[in-house]
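Novice: Turn this into a model:
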Amino acid sequence: MIGLISGQVQYLMAPTACVMTTSGVGYDIELPLPSFCQLRLNEQASIWTHFHVREDAAVVWLY
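Specialist: Have a look, this model is predicted:
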């Protein structure tokens with residue numbers, strides 16, 4: 001499970017951001033709009049996540 005994604009914001013298009021980690025892996029992350037609005041292109045960001053599995057769905061919560 002991924003609990004935290006940290007790296008440079010490479011791409012922004014509401015409500016999705018691409019965060020490139022220092023290890024060279026980029027993650028496309030869908031965020032709630034208030035969280036998305038706090039991100040800035042080419043700046044460092046840390047996004048806490050929580051993976052929640054239910055019988056009918058698998059959901060990643062972002063903080």
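Novice: make it CA atoms for all contacts and neighbour counts henceforth
Specialist: Fine.
Novice: Strands of this protein, residue ranges please.
Specialist: Remark: strands assigned in the chain by DSSP state E are 4-13, 16-20, 26-30, 44-53, 58-62.
Novice: what residue of this protein is the furthest out?
Specialist: Residue farthest from the centre of the chain, counting by CA atoms, centre = their mean, is Glu55 at 23.8 Å.
Novice: As CSV, the strands of the chain with mean neighbour count, mean pLDDT and distance to Cys37 would be great.
Specialist: Formatted as CSV, those follow (neighbours: other CA atoms under 10 Å; pLDDT from 0 to 100; distance: least, CA to CA, whole Å):
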stretch, mean neighbour count, mean pLDDT, distance to Cys37
strand 4-13, 17, 90, 10
strand 16-20, 21, 82, 10
strand 26-30, 16, 84, 12
strand 44-53, 14, 84, 12
strand 58-62, 13, 66, 14
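Novice: Dump these to TSV, plus distance to Phe36.
Specialist: Converted to TSV, these look like this (distance: least, CA to CA, whole Å):
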stretch	distance to Phe36
strand 4-13	8
strand 16-20	7
strand 26-30	8
strand 44-53	10
strand 58-62	10
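Novice: How much space separates the residue farthest from the centre of the chain from Thr49?
Specialist: 20 Å (CA to CA, to the nearest Å).
Novice: cool, and Val19?
Specialist: Remark: distance between Val19 and Thr49 (CA to CA) = 13 Å.
Novice: Show me the common contact partners of these two, please.
Specialist: Ile5 (CA atoms under 8 Å, 6 or more residues apart in numbering).
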